[in-house]
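1. Sequence and predicted structure, then a few things I'm wondering about:
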Amino acid sequence: MLCEMRLIDGVVHRRRKHPRRTGAVRDLYRVDGVAEANSQDLEIKFMSPLDGEAAVVLERLITGQTLTLDQRIAFARFLLSMLYRNPDHVGTIKTHMEEMWHEATAALEPDFAKMQAARGLPITTLAEETAKRDPGAAGKSFANMVTDVIADSRAVPDIVAMPWMVIDVSKSRFSLLTSDRPLILSTSLADPLCYIALPLSPTELFIASHDQRYAKSLPTKAHTTIVRAMNVDVVRQAREFVWGSDDTQMRLVQNRIRTTPDRVILSDEQRQEALAVARGA
């Protein structure tokens, strides 16, 4: 059991929950318009295997075992996935792909109408034909985009190349918290001062950093200082859920939850550029 601390109407409520009974969103990755047997392919064929590989690496990290290159790649993809796999960001990507399909289809409608007329075919729209022949087109594009942005991202090699370490902070007065936004990415991966931090357990903290001086300085700091700073960052960027081994940090959660703007995964400029490409502009 763990302590779920959930923000509801501005107030944080605490409940003891089994890990399997908190934080999950049913059908988060569901693709509509395809055969029911394939509607959960993103979850079954990509996310679940990704999590399974990450679980193996997690155990090896905590127990201090050496990782293979394939295991480092698998965990780098898992870390990257945490930036995208939440309801808000999944919704953003789904909506964007629907807009892309709408704009691309609208741009092709005049040519499609001319082709229909030239062939003496009944006049229908390309949107109608697409909806009839491939109603799940936008959804499949969403699933492919999520897969590509995680599995084939240029960020994966950057993360793999960073020195990794796990810090035992069991002497801290507090335990590490986690949340629905648990990954700390300090700045752009291109920044030589960038670091990545993720709570692995109540007492184990994962750190990846370009600057080895930063990583080497952490073990010299007091455990409570490290944990407190990490928890503040994790709670500030949380949107709805924070989890801990107990409720001793409820005040921190109530005061700091959702006080950092959510990460922007698709800027308005990027969205407009993509839509312009879809229109053939």
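-> That came in fine, so what should we check first?
2. How much space separates the residue lying farthest from the centre of the chain from residue 127?
-> Outermost residue of the chain with respect to the C-alpha centroid, by CA atoms, centre = their mean, is residue 120; its distance is 48.9 Å. For residue 120, the distance to residue 127 (CB to CB, to the nearest Å) stands at 21 Å. The C-beta positions use only the backbone N, C-alpha and C, and glycine is treated the same way.
3. in whichever strand or helix holds residue 131, what counts as buried?
-> Counting by DSSP states H and E, the element that carries residue 131 is helix 126-133. Residues of helix 126-133 classed as buried by neighbour count (16 or more other CB atoms under 10 Å): 126, 130.
4. Which other helices and strands does it contact?
-> When contacts are defined as 3 or more CB pairs under 8 Å, 6 or more residues apart in numbering; DSSP states H and E, helix 126-133 sits against helix 87-118.
5. Report all helices and strands that the helix it packs on contacts.
-> Checking 3+ CB pairs under 8 Å, 6+ apart, helix 87-118 ends up next to helix 126-133, helix 137-151, helix 268-279.
6. Keeping just the C-alphas, turn the longest one into CSV.
-> As requested, the backbone C-alpha atoms of helix 137-151 are provided in CSV (Å, rounded to 0.1, in the frame of the first residue of the first chain):
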residue,chain,number,x,y,z
ALA,A,137,-6.5,6.9,-40.0
ALA,A,138,-6.0,9.7,-37.5
GLY,A,139,-5.8,7.4,-34.6
LYS,A,140,-3.3,5.2,-36.2
SER,A,141,-1.2,8.3,-37.0
PHE,A,142,-1.4,9.2,-33.4
ALA,A,143,-0.1,5.8,-32.3
ASN,A,144,2.7,5.9,-34.8
MET,A,145,3.7,9.4,-33.8
VAL,A,146,3.9,8.4,-30.1
THR,A,147,5.9,5.3,-31.0
ASP,A,148,8.3,7.2,-33.2
VAL,A,149,8.9,10.1,-30.8
ILE,A,150,9.8,7.7,-28.0
ALA,A,151,11.6,4.8,-29.8
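7. just use 310 as the starting number from now, easier for me
-> Sounds good: first residue 310 from here, last item helix 446-460.
8. buried ones in it?
-> Across helix 446-460, burial judged by 16+ other CB under 10 Å covers 446-452, 454-456, 458-459.
9. Format those as a markdown table; extra columns: pLDDT and distance to residue 354.
-> Compiled in a markdown table, the buried residues of helix 446-460 are given as follows (pLDDT from 0 to 100; distance: CB to CB, whole Å):
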| residue | pLDDT | distance to residue 354 |
| --- | --- | --- |
| 446 | 92 | 19 |
| 447 | 93 | 19 |
| 448 | 94 | 15 |
| 449 | 94 | 13 |
| 450 | 94 | 16 |
| 451 | 95 | 14 |
| 452 | 95 | 9 |
| 454 | 93 | 15 |
| 455 | 95 | 12 |
| 456 | 95 | 9 |
| 458 | 92 | 16 |
| 459 | 94 | 13 |
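10. ok, so of these, who is nearest residue 532?
-> When the buried residues of helix 446-460 are compared for distance to residue 532 (CB to CB), residue 459 comes out closest, at 32.5 Å.
11. so what's the closest one up against?
-> Shown in contact with residue 459 (CB atoms under 8 Å, 6 or more residues apart in numbering): 355, 359, 386, 389-390, 393.
12. Okay, it and residue 559: tell me how far apart.
-> According to CB to CB, residue 459 stands 34 Å off from residue 559.
13. same deal with residue 508?
-> 17 Å.
14. before we move on, what SS does the nearest residue to residue 444 once chain neighbours are set aside have?
-> Nearest residue to residue 444, sequence neighbours excluded (CB to CB, 6 or more residues apart in numbering): residue 342, at 3.6 Å. Secondary structure state of residue 342, per DSSP: H, G, I helix; E, B strand; the rest coil, is coil.
15. For the strand or helix carrying residue 541, which residues meet the burial criterion?
-> Following DSSP H and E, one finds residue 541 within helix 532-545. Across helix 532-545, burial judged by 16+ other CB under 10 Å covers 532, 535-537, 539-545.
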